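**Student:** Return atomic coordinates for the entry below.
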Amino acid sequence: MDLVHDLLDKQLVDKSDLPFGRVDGVLIELRDGRPPRVAYVVAGGTVLAGRLGRRLARWAAAIRRRWGDRDEPKPTRIACSDLEHRGTVWKADVDARDTPAMEWELWLRERVVGRIPGKGK
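**Tutor:** Take a look at the predicted model:
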């Protein structure tokens, strides 16, 4: 599998086919005497920002703390064993409403999109 081509930035959907983010990173498990393996995929704004640079990752986390939660933003971590490739998306055997990724989506809807004038028209 070509991780960059086949996995990164691909849409994630939950077991009900509800989109809840994109694959922003991978966690690789190093094993003694065996080849490394992809253990988890992660999704989250700070993960994506981290791919673009440490400064941007710190900036994204600071924005989240300032305008939302006081806690450090938590990326959504999904075991590769819970993923199934479905054409252009990856289906995860999780409920999106139980993930930090969906918390972020709802936070954005309420605090940012919900305040745009004329949004209901």
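**Student:** Identify the residues contacting Ala49.
**Tutor:** 56-57, 59-61 (Cβ atoms under 8 Å, 6 or more residues apart in numbering). From N, CA and C alone the C-beta is placed, and that goes for glycine too.
**Student:** how about 7 Å then?
**Tutor:** 56-57, 60 (Cβ atoms under 7 Å, 6 or more residues apart in numbering).
**Student:** Quick check: next helix or strand after whichever strand or helix holds Ala57?
**Tutor:** Following DSSP states H and E, one finds Ala57 within helix 54-67. Once helix 54-67 ends, the next helix or strand along the chain (criterion: DSSP H and E) is strand 76-79.
**Student:** how about the strands of the protein, start to end?
**Tutor:** For the chain, strands defined by DSSP state E occupy the ranges 11-13, 19-22, 25-31, 34-43, 76-79, 83-86, 89-92.
**Student:** Among the contacts of Ala49, name the buried ones.
**Tutor:** 57, 60 (16 or more other Cβ atoms under 10 Å).
**Student:** of all the contacts of Ala49, which comes closest to Gly44?
**Tutor:** Using Cβ to Cβ, Ala60 is the member of the contacts of Ala49 that lies nearest Gly44, at 9.1 Å.
**Student:** Isn't Val41 up against Ile28?
**Tutor:** No. Val41 is beyond contact range of Ile28, at 10.8 Å (criterion: Cβ atoms under 7 Å).
**Student:** Looking at the spatially most central residue of the chain now. What's its pLDDT?
**Tutor:** For the chain, the residue nearest the mean C-alpha position is Ala43 (1.5 Å; Cα atoms, centre = their mean). Predicted confidence (pLDDT) for Ala43: 87.
**Student:** Which residue of the protein lies farthest from its centroid?
**Tutor:** The outermost residue of the chain, judged against the average C-alpha position, is Gly33 (30.8 Å), by Cα atoms, centre = their mean.
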